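> below is the sequence, then the predicted model.
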Amino acid sequence: MKPSPPTALMSTFNSRLDPEFTNHPQRQMVLNVVELLKSRRFDALETLLQPSFLAYEAGTLSDRGLERVWPHLGLQRVDLVEAATAWTQAYPHSYAAQVFAAHLRCAVAWQARGTATVDRTSEKQFEVMQQHFDAAFPHVHRALVLTARPTLAVGAGLIMARAGQDDSVHDYLELAQAHLPHSPLLYGRMMWVLNPKWGGSTDELQSLFEDAQTWSVSNRWSEEDRSTIQACYEAELADVARCEGDVDQAISMLKETLQHSPHWDAGHSQLADMFNVKDQMQPAIDHLRQALRMAPAANRFNQLGDFYQQVDRDELAAACFEEAMLWGSADAAGSTIQWLSEQRQQANEPQRPALEQQIALVGEYGLQQYSSETMFYLGSIEFFQRADAPAKARAYQWWRQAAEWGHRAAMFNLGIAHFEGTNGQALNKAQAIDYFAQAAARGHWAAHERLGKAYLQGDGVVQNDERAAHHLEIAADGDNIYAVRDWVFCLWFGRGTPQDRPAARQVLDRLKKLDTEVHADALGAIGLAATTKHFFRQLFSGAKKV
C-alpha cells in the first residue's frame, strides 16, 4: 500500500490549528471517507453517501449543495487512486464512486502538471497529466449515464477540457449547455472557462451572467445560489483587473462583492491572493482563514502556511502544511521538507535521528505526489548539509529529477555545475546554457543574469549584445545585483541597447541601495573601461560567484 500523509508532525503541530479547522464537519467527512477507502469498505462508503445522493436526485439538494456535503471530491492524494478504482469496480453503477474517481484523477493530473503556463511546464508534467486524464475519462462517461443530473461529472469534463484535453466521445462545453439553466455549479465552472485569460471575453462573461439571472428565477434557485451568480461574475471581472495590473481595483471590487455575498468562500480566498500581492499579510491571512472556515481545501491550507511563514510564525505554518498534506498537497510536502531541513541544520546530534525520520516520511509522500520542491530540497539537504562527495553526487541526482519536473532552481544549479565543471559534474557549457535558458524561461532571475553575462562575454555561446541586454535587464528588474551592475554597463556604453547615461545613473542609484561594494565595482567599470577588453579584465577578474 502506498504511504499516507505522514503523521509525525501532526502530533506536535496540528493541535496548534484552531479547533474550528480540525473539528470542521467537512474535514471529519473526509477522514471518514479516506478510512473507508483505505480499508476497502465500499459497502460502508455507499451507505454513507447514498442519502445525500438521493436528496440530490429528488431535487431537494442542489449540485453545489451536493459538492459541499461531498468534500472528499476535493482530495488530490495519489495514494487513493487504486482504492477509488477498486470502488468503481465493486460498484460499477454507483454515481458517487464514478464521480469521485473522475475528480480524483483530474486533481492528481493537475497537480502533476502544476499551475505554470505552458511554456514553463515540462514534458514530464504533461505526460503524467495525460495519463491521469486518460484514466479519468471512462469514469466521467460512466457517471454521465447514471443520473439525470450529471453536473458533477460534466464539471470534471470541463476541467479536462480547460487543460486542452479532447475527449473523443463528448464535447463538455457543448454538453454543459443543456444543464446550465439548472446548475449553479456549472455556471461557476463556465464563468471560469470564459475568463479572457483562458481565451474567453468579458462580453461572453456578461452574456452568461444575464442568462443565469433568468435561470435562477425560472428554476427557483436558492437565495444563496442567486447571490453566487453575481459574485462569480464580479470575481471574474476582478481577476481581469488583476491580470491587467490593477490590483487595487480588483481588491475594491471583491470587497464590494463580499458585502452582498459574505459567505462566498471563493471570494475570501481570491481577496487573500490580492492582499498577498500587495504584501498586506494580515488581511490576507484573515480572509484565507475565513475561506477555510467555510470550505477547507488543500491549496488553501498550503497557502495559509506560506502566509504564516512570511510573518515568521513557523510553527503555525508547519501545522497548516501538515493539514494540507492530509488533503493531498504536493506543494505543502515541499514546504515541510524545507522547514524540516532547517530544523535539522540547527538541531544537536541527539535530535537529528528523529528529524531524519520525519524528512524521510515527508519526502516519500512528496515524491508520490509529484512534488518537484521535495526533490529539490532533498538534493539541497545532501549538498549543503551532508556535503561530502557521495552526498553531492546524490544531490545532483535529485536536482536532475526536479529539473525534469520543471523546477527552475534545480535547473539553475545544474547549469552552474556544468558551466564550471564542479562537484564531479562534467564541464559542458552548451548543456549549462540550455539549463540556464530553461530556468530563465520559468522566471529565474539569476539564470537570466548568467545568460546575460555569457552573451556579453561570448562565453559558451556566440557573443550577442542584444541578447545580453535582454537577459540582464530582466534580471536587474529582479534586483539581482550582478545583473544590475552589468545593466549599468550596457546602458552607459550602449551595448545591446541605446546608450542612455541618465537611465544608467538611475540604475546606479538603485544599485547603491542594494549593495555598496557591487556599486563601487560598477563605478570603476564605467570609469576605467577605455576598451571592452579592459572592462572585462576589471569586471570579471575575481568576480563573485552567483
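Perfect, I can see it now.
> so how many other residues sit close to Gly65?
By other Cβ atoms under 10 Å, the residues close to Gly65 number 18. For the C-beta atoms, the positions are set from N, CA and C on the backbone; glycine is no exception.
> which residues touch it?
Gly65 makes contact with Tyr56, according to Cβ atoms under 8 Å, 6 or more residues apart in numbering.
> name the element it belongs to?
helix 63-69 (DSSP states H and E).
> what's the burial count for Arg467?
By other Cβ under 10 Å, the residues close to Arg467 number 17.
> and it, what pLDDT?
At Arg467, the predicted lDDT confidence score is 97.
> gap between the closest residue to it other than its chain neighbours and His287?
Excluding the flanking residues, the one nearest Arg467 by Cβ to Cβ, 6 or more residues apart in numbering is Tyr455, at 4.4 Å. Distance, Tyr455 to His287, using Cβ to Cβ, to the nearest Å: 44 Å.
> how about Met191?
20 Å.
> gap between the two ends of stretch 17-33?
Counting by Cα to Cα, to the nearest Å, you get 22 Å between the two ends of stretch 17-33.
> list the buried residues in that stretch.
Leu17, Phe21, Thr22, His24, Gln26, Arg27, Met29, Val30, Val33 (16 or more other Cβ atoms under 10 Å).
> so for that stretch, mean pLDDT?
92.
> same question, stretch 400-418
Per-residue pLDDT over stretch 400-418 has a mean of 97.
> go on, stretch 483-499?
Rounded mean pLDDT across stretch 483-499 is 95.
> gap between it and the chain center?
Distance of stretch 483-499 from its chain centroid, counting by Cα atoms, centre = their mean, to the nearest Å, is 35 Å.
> counting neighbours, which bits of it end up buried?
Buried residues in stretch 483-499 (16+ other Cβ under 10 Å): 483-493, 495-497.
> now stretch 397-415
Within stretch 397-415, the residues scored as buried using 16+ other Cβ under 10 Å are 398-399, 401-415.
> among the residues you listed, which lie within helices?
Among the buried residues of stretch 397-415, the members found in helices (DSSP state H) are 398-399, 401-404, 408-415.
> in the chain, which residue is most central in space?
For the chain, the residue nearest the mean C-alpha position is Thr115 (5.0 Å; Cα atoms, centre = their mean).
> tell me which element that one is part of?
Thr115 is part of no helix or strand when elements are defined by DSSP H and E.
> repeat that for Ser168.
If you go by DSSP H and E, Ser168 is not part of any helix or strand.
> could you do the one 10 residues further on as well?
Applying DSSP H and E as the criterion places Ala178 in helix 172-179.
> got a list of contacts for that helix?
Here helix 172-179 has contacts from 144, 149-151, 154, 157-158, 160-161, 186, 189-190, 193, using Cβ under 8 Å, 6+ apart.
> quick one on the thing from earlier: the helix holding Gly65 - what's its average pLDDT?
pLDDT averaged over helix 63-69 gives 92.
> tell me the pLDDT of Leu528.
Looking at Leu528, its pLDDT is 46.
> no wait, Ser261
Ser261 is assigned a predicted lDDT (pLDDT) of 91.
> give me phi/psi at it?
When quoted as degrees, to the nearest 10, the phi and psi of Ser261 stand at phi -130, psi 60.
> now do the same contact list for the residue nearest to it when sequence neighbours are not counted.
Spatially, and ignoring its direct neighbours in sequence, Ser261 is nearest to Ala231 (4.1 Å; Cβ to Cβ, 6+ apart). By Cβ under 8 Å, 6+ apart, the contact list for Ala231 reads Thr257, His260, Ser261, Trp264, Ala266, Gly267.
> so what's the second one up against?
Looking back up the chat, that one is His260. Applying Cβ under 8 Å, 6+ apart, the residues near His260 are Ser227, Gln230, Ala231.
> the fifth one now?
With contacts defined as Cβ under 8 Å, 6+ apart, the neighbours of Ala266 are Ala231, Cys232, Ala235, Ala291.
> confidence score at it?
On pLDDT, Ala266 comes in at 93.
> in terms of helices and strands, where is it?
Here Ala266, judged by DSSP H and E, is contained in helix 265-277.
> and the next helix-or-strand element following that helix, what's buried?
Sequence order places helix 281-294 as the next helix or strand after helix 265-277, per DSSP H and E. Residues Ala284, Ile285, His287, Leu288, Arg289, Gln290, Ala291, Leu292, Met294 are the ones in helix 281-294 that count as buried (16+ other Cβ under 10 Å).
> need the next SSE after helix 281-294, C-terminal direction.
Heading C-terminal from helix 281-294, the first helix or strand you meet, by DSSP H and E, is helix 298-310.
> other SSEs contacting that following helix?
Contact partners of helix 298-310 among helices and strands, from 3 or more Cβ pairs under 8 Å, 6 or more residues apart in numbering; DSSP states H and E: helix 265-277, helix 281-294, helix 314-327, helix 330-346.
> which regions of the chain sit below the pLDDT cut-off?
Across the chain, the ranges flagged by pLDDT under 70 are 1-15, 528-546.
> for stretch 181-198, measure first residue to last.
Length of stretch 181-198, first residue to last, Cα to Cα: 23 Å.
> meant to ask about stretch 484-502
Using Cα to Cα, the end-to-end distance of stretch 484-502 comes to 15 Å.
> what are the contacting residues of that stretch?
With Cβ under 8 Å, 6+ apart as the test, stretch 484-502 has contacts from 449, 452-453, 456, 464-470, 472-473, 475-476, 503-504, 507-508, 510-511, 514, 518-519, 521-522, 525-526, 529, 535, 539.
> distance of the nearest residue to Gly443 once chain neighbours are set aside from Thr47?
Leaving aside its chain neighbours, Gly443 sits nearest to Arg408 (6.8 Å; criterion: Cβ to Cβ, 6+ apart). Distance of Arg408 to Thr47, given as Cβ to Cβ: 48 Å.
> and Lys429, by the same measure?
From Lys429 to Thr47 the distance is 64 Å (Cβ to Cβ).
> so which of those two has more stuff around it?
Between Lys429 and Thr47, Lys429 has the larger neighbour count (other Cβ under 10 Å), namely 17 against 11.
> could you give the number of residues near Gly524?
Residues near Gly524, counting by other Cβ under 10 Å: 13.
> re the thing from before, restricted to helices, list the contacts of His260.
Residues of the contacts of His260 located in helices (DSSP H): Ser227, Gln230, Ala231.
> residues contacting Cys243?
Contact analysis of Cys243 by Cβ under 8 Å, 6+ apart lists Pro196, Lys197.
> and if you look at the one 5 residues further on?
Residues near Asp248 by Cβ under 8 Å, 6+ apart: Lys278.
> could you redo the last one with a cut-off of 6 Å?
Residues in contact with Asp248 (Cβ atoms under 6 Å, 6 or more residues apart in numbering): none are found.
> distance check, it against Phe275.
In this view, Asp248 and Phe275 are 11 Å apart by Cβ to Cβ.
> and Val34, by the same measure?
According to Cβ to Cβ, Val34 and Phe275 sit 32 Å apart.
> next: Pro196.
Using Cβ to Cβ, Pro196 is found at 23 Å from Phe275.
> mind checking which of the two has more residues around it?
Set Pro196 next to Phe275 and count neighbours by other Cβ under 10 Å: Phe275 wins out with 21 against 16.
> okay but the more buried one is in contact with Ile285, surely?
No: taking contacts as Cβ atoms under 6 Å, Phe275 lies outside contact range of Ile285: 8.6 Å.
> state the distance from Ser329 to Ala468.
40 Å.
> the more surrounded of the two?
A count of neighbours by other Cβ under 10 Å puts Ser329 above the other of Ser329 and Ala468, at 31 against 26.
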